[in-house]
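Participant: Coordinates only, no sequence provided:
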């Protein structure tokens, strides 16, 4: 079982996706003591190397962040590229989609696409992990991210043993699936106090850009 | 009406699809519309790097300096946008997806509850409705069309607008596209 991981984040080594891959691999290595190669799809100057690694892998796991309801443009390009590769033997493929939005629901549409993609490329589809609320995990204190990383580590451990995803962890990670009515109401109330914008405003102020936060530079003058 | 057409055709010469778009532009102009058409693959366009400078450093401005700025301006000042692309492995092209990702420059980072979900708030007063024009692949089936409809309906929620239609150059004439786009 030769596993190869592709990181589809445009942020590459600075990505939240990378942190999830690291946790996944820490669990994986508890079972199989071998170095799993990780390739960055956004390293466009290494395209041939990437496609070669894909071609020779038996199992491929592609991690990416949700960009406007889908995989990022560079990941779509990667899909277009691998569709031209003739597979000598059947390959397995799995996906991990992470989003900044808290609800897993926002990623279930790309999941349908990914399942169909596997079918179209004649790959054995292992499944898709969906995890919302991942934005900002790099900045969070460790007690806040402990459960997330533990889950991804367990996911990796299970994957090393069974070459598939642990469905129990998958459904755990998909929570919240949608925002509950209570949470929505609470959000609406808190947003009136400005607290929900705290993270953004803090960063805007730090960058001395708070006063410019409502700028709309691409509008024609007469339209506003 | 002002119309922006984003042509995601990956073929840069001798393409039936781009010929179709050319005819479509002419027909729009005959009907007194102002049309900006961009053949994305022929332009210098990077992908969105996820740097968020447009959200918290230079609000509303993209830091990647390439041909995208003229597209942002055209898009946000249009009455209607046409996302046009042949399908490649079941979805619109990577060129079209790359520029779509970068349209987040037109939104605020702030989140509100809309459609019972969290979404980004408006940066601009108005956002144009859009249509989706595709060219089917040999193996395109109902499931693919459903996936496309779903994803672009999601895009409409995020970008404060409506998806007017999904049509295909395989089945729809240029005139039909013009009528569907201009009948508001």
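Facilitator: Perfect, thanks for sending it. Keep in mind that what you see is a predicted model, and the values were worked out from it rather than measured.
Participant: ok, residue A:183 to residue A:101 distance?
Facilitator: Taking Cβ to Cβ, to the nearest Å as the measure, residue A:183 and residue A:101 are separated by 13 Å. Every residue, glycine included, has its C-beta placed from N, CA and C.
Participant: Identify the residues contacting the residue in chain B that chain A sits nearest to.
Facilitator: With Cβ to the nearest Cβ as the measure, residue B:98 is the residue of chain B nearest to chain A, at 3.1 Å. Counting by Cβ atoms under 8 Å, 6 or more residues apart in numbering or on different chains, residue B:98 touches A:73-74, A:76-77, B:40, B:45-48.
Participant: where's residue A:165 relative to residue A:129, distance?
Facilitator: From residue A:165 over to residue A:129 the distance is 6 Å, taken as Cβ to Cβ.
Participant: Now the common contact residues for these two.
Facilitator: Shared contacts of residue A:165 and residue A:129, defined by Cβ under 8 Å, 6+ apart, comprise A:94, A:155.
Participant: Looking at these two, which is more packed in?
Facilitator: Shown here are residue A:165 and residue A:129; by other Cβ atoms under 10 Å in any protein chain shown, residue A:129 has more neighbours (27 against 20).
Participant: Provide the contact partners of the worst-scoring helix or strand of chain A on mean pLDDT at residue level.
Facilitator: Of all helical and strand segments in chain A, the minimum by mean pLDDT, DSSP states H and E falls on helix A:181-193, at a mean of 84. Outside helix A:181-193, the residues that touch it by Cβ under 8 Å, 6+ apart are A:176, A:179, A:196-197, B:112-113, B:116, B:118.
Participant: same thing but 7 Å
Facilitator: Residues from elsewhere that reach helix A:181-193 (Cβ atoms under 7 Å, 6 or more residues apart in numbering or on different chains): A:196, B:112-113, B:116.
Participant: The residues you listed in helices, which ones?
Facilitator: Secondary structure assignment by DSSP state H places none of the contacts of helix A:181-193 in helices.
Participant: still on that earlier bit, more neighbours, residue A:183 and residue A:101?
Facilitator: Using other Cβ under 10 Å as the criterion, residue A:183 and residue A:101 rank with residue A:101 on top: 21 against 15.
Participant: what's the spacing between stretch A:15-32 and its chain's center?
Facilitator: Relative to its chain's centre, stretch A:15-32 lies at 13 Å (Cα atoms, centre = their mean, to the nearest Å).
Participant: Which parts of it count as buried, going by neighbours?
Facilitator: By 16 or more other Cβ atoms under 10 Å in any protein chain shown, the buried positions in stretch A:15-32 come out as A:15-21, A:23-25, A:27-29.
Participant: coming back round to it: my hunch is that the residue of chain B closest to chain A is in a strand, does that hold up?
Facilitator: No - counting by DSSP: H, G, I helix; E, B strand; the rest coil, residue B:98 is not found in a strand; it is helix.
Participant: Got phi/psi on residue 163?
Facilitator: Unless you meant another one, I'm taking chain A. Per-residue torsions, residue A:163: phi 50, psi 30 (degrees, to the nearest 10).
Participant: ah, no, chain B please
Facilitator: Torsion angles, degrees, to the nearest 10, at residue B:163: phi -90, psi 120.
Participant: So it is in contact with residue B:157, correct?
Facilitator: No - here residue B:163 lies out of contact with residue B:157, judged by Cβ atoms under 7 Å, at a distance of 9.6 Å.
Participant: Tell me who's in contact with residue B:151.
Facilitator: Residues in contact with residue B:151, defined by Cβ under 7 Å, 6+ apart, are A:69-70, A:109.
Participant: same deal with residue A:38?
Facilitator: Contacts of residue A:38 by Cβ under 7 Å, 6+ apart are A:5, A:7, A:21.
Participant: ok, these vs chain B, which is closest?
Facilitator: residue A:7 (12.5 Å).
Participant: Ramachandran coordinates for that closest one?
Facilitator: Torsion angles at residue A:7 (phi, psi; degrees, to the nearest 10) stand at phi -100, psi 110.
Participant: Any idea what the residue positioned nearest the centre of chain B is bridged to?
Facilitator: Relative to the mean C-alpha position of chain B, the nearest C-alpha, by Cα atoms, centre = their mean, is the one of residue B:83, at 3.5 Å. Beta-bridge pairing of residue B:83 under DSSP bridges involves residue B:6, residue B:132.
Participant: ok, now how distant is it from residue B:159?
Facilitator: From residue B:83 across to residue B:159, the span is 11 Å (Cβ to Cβ).
Participant: got the contact list for residue 140?
Facilitator: The chain I'm using is chain A. For residue A:140, the contact set (Cβ under 7 Å, 6+ apart) is empty.
Participant: think we crossed wires, I meant chain B
Facilitator: Going by Cβ under 7 Å, 6+ apart, residue B:140 touches residue B:87.
Participant: How about the secondary structure of it?
Facilitator: With three-state DSSP as the criterion, residue B:140 reads coil.
Participant: Please tell me how far the residue in chain A that chain B sits nearest to sits from residue A:206.
Facilitator: With Cβ to the nearest Cβ as the measure, residue A:73 is the residue of chain A nearest to chain B, at 3.1 Å. Plainly put, residue A:73 is 29 Å away from residue A:206 if you go by Cβ to Cβ.
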